[in-house]
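In: This is a predicted model, with the sequence first.
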Amino acid sequence: MTSTVARNRKKLSKRIAAVVVTVLLWAFAAFWFAPIFWMLSTSLKSTAVAVIQSPPEWIPKNPTLENYKIIFAPSGGLSLIRATLNSVIVAVGSTLATLALSIPAAYALSRLRFRGRMLIFWIYVAVLAFPGVLFLVPHFFIIQGMGLTNSYLALILPGLGGTFGVFLLRQYMLDIPGELEDAAWMDGCSKFRFLISIVIPYVKPAMLVLGLMTFLGSWNSFLWPLLILSKSDKFTLPIALIRFSAGWGDPYRGIGPMMAGAFFSVAPSLIIFIVFHRYLMKGISLGSLGKE
Amino acid sequence: MRQSQSKSCKRFRREVVSWLFLLPHLVFFVLFVAVPLVFGMVISFFNWSLLNDNVFVGASNYIRTWNDSRFWPVVQNTVIFAIVSVPLTIIVAILFAHILNKKRFGQLWLLIAFVSPAFFGSVGILSSWKWIFASFPSGLANYYLNKAGFINAAVSWFGSTGVAWGVIILVTIWWIVGFSILLYMGALQRIPPEQYESAKLDGAGPWKRFLYITLPWIRSVLFFDVVRQVILAFGLFDQAYILSAGGPAGTTRTMVYYLYLVGFERQDFGRAASISWYIFAIVLIFAIIQLVLVTKSIRSTEG
């Protein structure tokens, strides 16, 4: 009798401990995410209020959309609408081109036998360890030599030689069962048909992950566009935002519009993460595994 | 005779077809990876400018960079940043991965809070952090730290070197740790639970279980993450550029920042290229040291 009471008490205290841990974790998560919330909160206040306000007001009492109106009204040749459009074009272009190039290459390196296959594969893996900064100066002159400065292609092309996508897709393609391939050969399926009708459907989740990561990488890219773009009509969103904030001189005079722009640039990434986090988690953990 | 000829002909065709699949990507690889590596090396031996009056100068760019009094402090800054931020990020990531791998109420919201910032762009999140660390008393950090009694006057966060670096490191970990968390969550899920159960029966505490089971099991992911993070740390630019603008007095400049100033502000591209190869060399040395350390610590627990 007493032992069941003791056991129940132990169970109860364990459950209470679990609840306490979860609540603490929740509090810590809220703290961790506060900078994003603060960004959104500030973007909904007029700058005059936001800067002098003390104590800070986490939920604005008089929320206003005036900051969003300010950033989308073109000023001084800078248009955030134009910059958003540029960012979308470049990100979508990069994503589609990366997929179109990486899929057949990964297929060749995982499912086809030919001389030099392993050599190419190891070269592709080795360059993953080269820091991107090595490419800044030569890319700058190659793009300039092609006469592509201040163009969309200047932002898309340099990334297309990257080998991460090939590596990631190859990891998935290695998992395709050999019997499937044998059956396809029996049916007289050509390599191209096999790629289209069997390989691609099989690696769709990996294509999604690669597509998302390429899109986000391009959407967030900062240093390269900063170097290669000098004309404001080709500015991507991050560059336009930086120029925007520089235009105010005192960084805090325009804090309302700046936070509106910041939130506007972060929101698509947040939505993508919420919708696709399962795929991202799986894809990223698989991309880190060397497969013998 | 004839048959073998057609056989080798067939094999030849098969090889050509295989190469055709690889070719489109390979063209871009050559054009934007292989050629730039060689070209970057070439530029580093020239006095290279925008005006196309390039002069071969031998190793003088490397020598000038070596003797540049502004170069080594920048190297030192970046190395210290890497030494502090890489292990911290990894420790925080493994800790969070452990916690997040247990199913909890509101799992998705926890993931959003801890992981999603890694997928956000630098300009957006860094301008938010800059606003939090505003120098006046009503800035968020100043207000709360003052209220909690840690400081008694408003701190100019990017006005002194040590504090500015502290903020940069803090913000960097907050920003990038999510990606590593995902890596370790995947790695931890692959450990068979029986391993822990039998260790528990043997009376191994949580620290021992971590050392003898977790660490060896996540080794390959740990290696991958170490290399990735070292490259990331030595590529540090956005945080210094946006948060502190390299200040005060250039003391939060990083190697990439310095390359940016020499190459793209002063337009001395030959020297900028030489700096990029110094960065490569240091990354290589650093990655090897880290890998040796990690391997040793795992070996010592295994042996």
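Out: Everything's here; your move.

In: The spatially closest residue to A:Asp175 that is not a sequence neighbour - how many residues pack around it?
Out: The shortest distance from A:Asp175 to any non-neighbouring residue, by C-beta to C-beta, 6 or more residues apart in numbering or on different chains, is to A:Tyr202 (7.9 Å). All C-beta atoms are positioned from the backbone trio N, CA, C, and that covers glycine. A total of 15 residues lie near A:Tyr202 under the criterion other C-beta atoms under 10 Å in any protein chain shown.

In: Give me the buried stretch members for the longest helix along chain B, please.
Out: Longest among the helix segments of chain B by residue count, using DSSP state H, is helix B:269-302. Under the neighbour-count criterion of 16 or more other C-beta atoms under 10 Å in any protein chain shown, helix B:269-302 has B:269-280, B:282-283, B:286-287, B:290, B:294, B:298 buried.

In: Same check on stretch A:276-286?
Out: Applying 16+ other C-beta under 10 Å to stretch A:276-286 flags A:276-277, A:279-281, A:283-286 as buried.

In: Burial check on A:Tyr152, number of neighbours?
Out: 15.

In: OK, contacts around it?
Out: For A:Tyr152, the contacting residues are A:86, A:89-90, A:93, A:234, by C-beta atoms under 8 Å, 6 or more residues apart in numbering or on different chains.

In: number of nearby residues for the closest residue to A:Thr47 other than its chain neighbours?
Out: Leaving aside its chain neighbours, A:Thr47 sits nearest to A:Gly256 (3.7 Å; criterion: C-beta to C-beta, 6+ apart). Per other C-beta under 10 Å, the neighbour tally for A:Gly256 reads 25.

In: where's A:Gly256, which helix or strand?
Out: helix A:255-287 (DSSP states H and E).

In: Centre of the chain to that helix, how far?
Out: 7 Å (C-alpha atoms, centre = their mean, to the nearest Å).

In: Average pLDDT for it, rounded please.
Out: When pLDDT is averaged along helix A:255-287, the result is 90.

In: where does chain A dip in pLDDT?
Out: Along chain A, the model assigns pLDDT under 70 to residues A:1-3, A:75-77, A:247-252, A:287-292.

In: which element is the closest residue to chain A within chain B on?
Out: Closest approach between chain B and chain A, counting by C-beta to the nearest C-beta: B:Gly186, at 2.2 Å. Using DSSP H and E, B:Gly186 falls within helix B:161-189.

In: Report the next helix or strand after that helix in sequence order.
Out: Downstream of helix B:161-189, the next assigned helix or strand under DSSP H and E is helix B:193-201.

In: Contacts for that next one, please.
Out: B:208-209, B:212-213, B:217.

In: centroid residue for chain B?
Out: B:Leu232 (1.5 Å; C-alpha atoms, centre = their mean).

In: give the contact list for the closest residue to that residue other than its chain neighbours.
Out: Distances taken as C-beta to C-beta, 6+ apart put B:Ile176 closest to B:Leu232, at 6.7 Å, once the chain neighbours are dropped. B:Ile176 sits next to B:89, B:118, B:229, B:232 when contact means C-beta under 8 Å, 6+ apart.

In: count of residues packed around the third one?
Out: A total of 22 residues lie near B:Gln229 under the criterion other C-beta under 10 Å.

In: With distance to chain B as new columns, can the buried residues of stretch A:276-286 be given to me in CSV?
Out: Formatted as CSV, the buried residues of stretch A:276-286 follow (distance: C-beta to the nearest C-beta, whole Å):
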residue, distance to chain B
A:Phe276, 10
A:His277, 6
A:Tyr279, 11
A:Leu280, 7
A:Met281, 5
A:Gly283, 9
A:Ile284, 5
A:Ser285, 2
A:Leu286, 7
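
In: Could you report the pLDDT at B:Trp131?
Out: So B:Trp131 comes in at 91 (pLDDT).

In: again with B:Phe96
Out: 94.

In: quick one, strands of the chain?
Out: Let's take chain A. Assigned by DSSP state E, chain A shows no strands.

In: ah, no, chain B please
Out: B:46-47, B:55-56.

In: which helices and strands does the first one pack with?
Out: In terms of contacts (3 or more C-beta pairs under 8 Å, 6 or more residues apart in numbering or on different chains; DSSP states H and E), strand B:46-47 is packed against strand B:55-56.

In: B:Gln290: what's it in contact with?
Out: Here B:Gln290 is in contact with B:86, B:226-227, B:230 (C-beta under 8 Å, 6+ apart).

In: wait, which of those is closest to A:Asp175?
Out: B:Val227 (24.2 Å; C-beta to C-beta).

In: I'd guessed that closest one sits against B:Ile288; true?
Out: No: the pair B:Val227 / B:Ile288 is not scored as a contact, 9.8 Å apart, by C-beta atoms under 8 Å.

In: what angle do the helix holding A:Gly256 and helix B:161-189 make?
Out: Relative orientation of helix A:255-287 versus helix B:161-189 (axes from the mean of the first three to the mean of the last three C-alpha atoms, to 10 degrees): 40 degrees.

In: so what's residue 157 closest to, chain neighbours aside?
Out: Defaulting to chain A. The shortest distance from A:Leu157 to any non-neighbouring residue, by C-beta to C-beta, 6+ apart, is to B:Phe32 (6.5 Å).

In: my question was about chain B
Out: Closest residue to B:Trp157 apart from its sequence neighbours, by C-beta to C-beta, 6+ apart: B:Phe133 at 4.1 Å.

In: Could you report the neighbour count for that neighbour?
Out: Count around B:Phe133 with other C-beta under 10 Å applied: 22.

In: Got the phi and psi for it?
Out: Dihedral pair for B:Phe133: phi -90, psi 40, per degrees, to the nearest 10.

In: what about A:Arg243, neighbour count?
Out: As a burial measure, A:Arg243 scores 17 neighbours (other C-beta under 10 Å).

In: list the contacts for it?
Out: Neighbouring residues of A:Arg243 by C-beta under 8 Å, 6+ apart: A:78, A:232, A:235.

In: For the first one, give its distance to B:Gly121.
Out: Using C-beta to C-beta, to the nearest Å, one obtains 18 Å as the distance from A:Leu78 to B:Gly121.

In: Could you check which of those two is surrounded by more residues?
Out: Using other C-beta under 10 Å, the more surrounded residue of A:Leu78 and B:Gly121 is B:Gly121, with 24 against 18.

In: Give me the residues contacting stretch A:72-91.
Out: For stretch A:72-91, the surrounding residues in contact (C-beta under 8 Å, 6+ apart) are A:71, A:152, A:155-156, A:214-215, A:218-219, A:232-241, A:243-244, A:247, A:261, A:264.

In: what number of residues lie near B:Arg266?
Out: Counted by other C-beta under 10 Å, the residues lying close to B:Arg266 total 11.
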